[in-house]
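[1] Here you go, sequence then predicted model.
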Amino acid sequence: MKTGYSPEDLALVKKAFEKTKEVYQDDRRLTGESCLSHLTKVAKKAVLLKLDAETVAAGLLHDSVEDKKLELAEIKKAFGENIAFLVKSVTEIDEVKYHGVEETTEAIRKMFLAVAKDIRVVFIKFIDRLENLKTLDVFPEEKRKRKALETLEIYSPVANRLGMGEMKAELEDAAFKYVWPEEYQYIIRETQKRMPERQKYLEKIKPLIQKELKKEKIKIIDVHSREKHYYSLWKKLKSREMDWEQITDLVALRIIVDNIENCYKALGVLHKLWKPLPGKIKDYISLPKPNGYQSLHTTVFCEEGKITEFQIRTPEIHEAAERGIAAHWAYEEVGKKEKAHLPARLAAKRAGKAGKKIRPKNFEWVKQLMGWQKKFSAKGGREKQSPAEFLESLKLDLFKDRIFVLTPKGDVIDLPEGATAVDFAYHIHSELGKHMTGAKANGKIISFSRPLVSGDIVEILTSKNQKPNLEWLNHAKTRLARSHIRSALRKRGFFG
């Protein structure tokens, strides 16, 4: 175990390991790997993510109930209620197999229920899924593809919404090779051809950047390159007609400085050195992405005319970007024997030193999960959705790529990509949606059919005499807006 865990933490994890070793002994998985080896890998990954000792221990024990090695009551007695809950929740999710829409929906619902109570359940599920993807080769092609697709359609989007960038990328790359094997091999071949030259170039310009930053008395924590992940690269290539010349961030340079003020100073230094590309300066520190992601991005015409992307962050922002909500569940020593969870006060304290409070929106998203599962499981009434409807609306409202738009007062509104002014209005308030007569984006009148884009400042025009009409359903993309419109139309005699 790494340092950062108290003696009590270490004792708890050791106890869980010994119990796991005792009950599994020499048992082996279908892959031929020992069960103990797999469970140890899950625990080690939890340590690398700096998760708390209870999560590490639960990672070791998470298969024990499903494999009938231990009773839940035994775990509760030996390890406490929290670890027993984590194991129970992971077991309940695992028991539902992803065969067909109903089973898939039930598995997601159970995951949401557990996550709304304790977010650590999903950390264990992510790690377990990642380790299982690494051993899929022994299974038939149909099963390999099904598991990989589940990962891309469910696990990866959830990781993204929780701001867990590194976990999202690892899950996607591990699944990519099984869903699109030929494309995966193509990406590997092409990146291996291009990467060495690109890395060499970035190493060449690093000293120049460091020299200029030091001149401005900017404290540098680190300057390192960041390689684009395979699946993300493939998606970007598809949107660029497979033209590698349009990929300017195959390898980017990441600059880590001590505080937010110096992030902006470093951006100024880069723009003094090299001309930025129009429209390629992104300030996600002032205006974070919907999942809480923060960073400064710029793309410049660099040395020898080569287009190069830079990302600028503080250490706290970098950790939050890589680990997302998991960064707020780490354990950290606070004094001799005291320990404390990281969100709220420690994260705020650290961020405060950097000059800005970091409060990722993924916390708010977790709270929404309970409301979603309640909508699905509502007894009676017209709000209940079929499993197929739930899954489709889920993919749109929660799993689709997100945009962020602004109200005239500057409030940030998080919507799925493709959302319109109709969705925006109902997101603000049902009464605003009900009485809208038109919309403006950036001061100009727009149609209800026009998709909003990130950064739009949206204003809704209203009249107290206006009522929803059938045409609005053609423009509404989110479940929330469509539900309100249908409800209003139904009261007026539409739909029988």
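    Great, that's in hand.

[2] starting at the chain centroid, how far to stretch 261-272?
    Chain-centre distance of stretch 261-272: 28 Å, with Cα atoms, centre = their mean, to the nearest Å.

[3] residues in contact with that stretch?
    Stretch 261-272 has contacts (Cβ atoms under 8 Å, 6 or more residues apart in numbering) with 209, 212-213, 216, 218-219, 255, 257, 276, 281, 285, 296, 298, 300, 310, 312-314, 317, 355. C-beta here means a position set from N, CA and C on the backbone, and glycine is covered the same way.

[4] Just the ones in helices from the residues you listed, please.
    Assignment to helices by DSSP state H places the following of these there: 209, 212-213, 317.

[5] mind putting the residues you listed in a markdown table, neighbour count included?
    Formatted as a markdown table, those follow (neighbours: other Cβ atoms under 10 Å):
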| residue | neighbour count |
| --- | --- |
| I209 | 21 |
| E212 | 15 |
| L213 | 20 |
| I317 | 26 |
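
[6] Among those, pick out the one closest to A57, please.
    Among those, I317 lies closest to A57 (Cβ to Cβ), at 30.0 Å.

[7] surely the closest one meets Q294?
    Yes: under the criterion of Cβ atoms under 8 Å, I317 makes contact with Q294 at 4.8 Å.

[8] What's the mean pLDDT across stretch 50-62?
    For stretch 50-62, the mean pLDDT works out to 96.

[9] Using PDB, write down the CA coordinates of that stretch.
    This file holds the C-alpha atoms of stretch 50-62, laid out as PDB (Å, rounded to 0.1, in the frame of the first residue of the first chain):
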ATOM      1  CA  LYS A  50      -6.200   7.300  -4.100                       C
ATOM      2  CA  LEU A  51      -9.600   6.000  -2.900                       C
ATOM      3  CA  ASP A  52     -10.300   5.600   0.700                       C
ATOM      4  CA  ALA A  53      -9.500   2.300   2.600                       C
ATOM      5  CA  GLU A  54     -13.200   1.200   2.800                       C
ATOM      6  CA  THR A  55     -13.400   1.300  -1.000                       C
ATOM      7  CA  VAL A  56     -10.100  -0.600  -1.300                       C
ATOM      8  CA  ALA A  57     -11.300  -3.300   1.100                       C
ATOM      9  CA  ALA A  58     -14.700  -3.500  -0.700                       C
ATOM     10  CA  GLY A  59     -12.800  -3.900  -3.900                       C
ATOM     11  CA  LEU A  60     -11.100  -7.000  -2.500                       C
ATOM     12  CA  LEU A  61     -14.400  -8.400  -1.200                       C
ATOM     13  CA  HIS A  62     -16.800  -7.400  -4.000                       C
END
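
[10] Just give me the neighbour total for Y5.
    For Y5, the count of nearby residues is 21 (other Cβ atoms under 10 Å).

[11] Would you list the phi and psi of it?
    Main-chain dihedrals, Y5, degrees, to the nearest 10: phi -110, psi 140.

[12] same check, this time on the one 3 residues further on
    Here is the backbone geometry of E8 (degrees, to the nearest 10): phi -60, psi -40.

[13] how close does it get to K15?
    Per Cβ to Cβ, to the nearest Å, E8 is found 11 Å from K15.

[14] Likewise for F126?
    24 Å.

[15] who has more neighbours, these two?
    F126 (25 against 14).

[16] Tell me who's in contact with the more buried one.
    Counting by Cβ under 8 Å, 6+ apart, F126 has contacts 155, 159, 164, 167, 171.

[17] So among the contacts of stretch 261-272, which ones count as buried?
    209, 213, 218, 255, 257, 285, 296, 298, 300, 310, 312-314, 317 (16 or more other Cβ atoms under 10 Å).

[18] Let's have the contacts of F126 in TSV, adding pLDDT.
    TSV is the format used below for the contacts of F126 (pLDDT from 0 to 100):
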residue	pLDDT
Y155	88
A159	89
M164	91
M167	96
L171	97
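
[19] so can I have CSV of those residues showing secondary structure?
    Shown next, in CSV, are the contacts of F126 (DSSP: H, G, I helix; E, B strand; the rest coil):
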residue, secondary structure
Y155, helix
A159, helix
M164, coil
M167, helix
L171, helix
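
[20] domains of the protein?
    7-179, 182-313, 400-491 (automatic domain parsing).

[21] for those domains, which one sits closest to A326?
    Of all the domains of the chain, domain 7-179 comes closest under Cβ to Cβ, at 5.4 Å.

[22] K440: neighbouring residues, count only.
    Per other Cβ under 10 Å, the neighbour tally for K440 reads 16.

[23] Okay, and it sits in which element?
    strand 436-441 (DSSP states H and E).

[24] can I get the CA coordinates of that strand in CSV?
    Output of strand 436-441 as CSV, limited to C-alpha atoms (Å, rounded to 0.1, in the frame of the first residue of the first chain):
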residue,chain,number,x,y,z
MET,A,436,-42.6,31.0,-24.8
THR,A,437,-43.3,32.7,-28.1
GLY,A,438,-39.8,32.9,-29.4
ALA,A,439,-36.1,32.8,-28.5
LYS,A,440,-32.9,34.8,-29.0
ALA,A,441,-29.3,33.5,-29.0
